[in-house]
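Novice: Fold the following for me, if possible:
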Amino acid sequence: MFGGSGALEEEEDPEQEKQIAAAAKSMGFSVKEYKLVIKMQQNLQEATNALRVTGGSADKGVTVELDGNSPAKHVEVVITDEAKAMGKAALEKQIVSAIKDASEQAQKGQAAAIQKMNQDIATEMKGAAGQ
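Specialist: Coordinates of the predicted model:
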């Protein structure tokens, strides 16, 4: 149904078109609206999967990298030997702080992706209304 460019393909499978029409009807959407919803969901998923945010500080010896998903699908934690030498309690504090920081940044990134999706929907709907 979708090409590599993210655009809808011109030639659709007739059976798939029937399924799309049935799904659209069951949700109260036109086929065009339903395809737009699917396209925007896919774009949002790609944006949140591709997002990378980092919390913590290399100077403090702990960094956490997350994607934009909640819960994150991509998690990378880097702990230096210097951070390990701080002791268990101090290290735990740095890890928790880094995770919190990265999570907050991921939420902001996800919100930005949703805002962009909403703007894209509005643009698409204005274009469709003008036709």
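Novice: What ranges does the chain have for its helices?
Specialist: 14-27, 31-50, 81-84, 88-129 (DSSP state H).
Novice: closest one to residue 60 among those helices?
Specialist: helix 88-129 (5.6 Å; Cβ to Cβ). No exception for glycine: its C-beta is placed from N, CA and C like everyone else's.
Novice: How far away from the center of its chain is the closest one?
Specialist: 8 Å (Cα atoms, centre = their mean, to the nearest Å).
Novice: average pLDDT across that helix?
Specialist: Mean pLDDT, helix 88-129: 92.
Novice: by contact count, what packs against it?
Specialist: The contact analysis (3 or more Cβ pairs under 8 Å, 6 or more residues apart in numbering; DSSP states H and E) places helix 88-129 against helix 31-50, strand 53-57, strand 62-66, strand 75-79, helix 81-84.
Novice: circling back: any chance of TSV for the helices of the chain, columns distance to residue 67 and mean neighbour count?
Specialist: Formatted as TSV, these follow (distance: least, Cβ to Cβ, whole Å; neighbours: other Cβ atoms under 10 Å):
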stretch	distance to residue 67	mean neighbour count
helix 14-27	28	12
helix 31-50	6	15
helix 81-84	23	13
helix 88-129	7	14
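Novice: As TSV, those helices with distance to residue 70 would be great.
Specialist: Compiled in TSV, the helices of the chain are given as follows (distance: least, Cβ to Cβ, whole Å):
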stretch	distance to residue 70
helix 14-27	24
helix 31-50	8
helix 81-84	26
helix 88-129	7
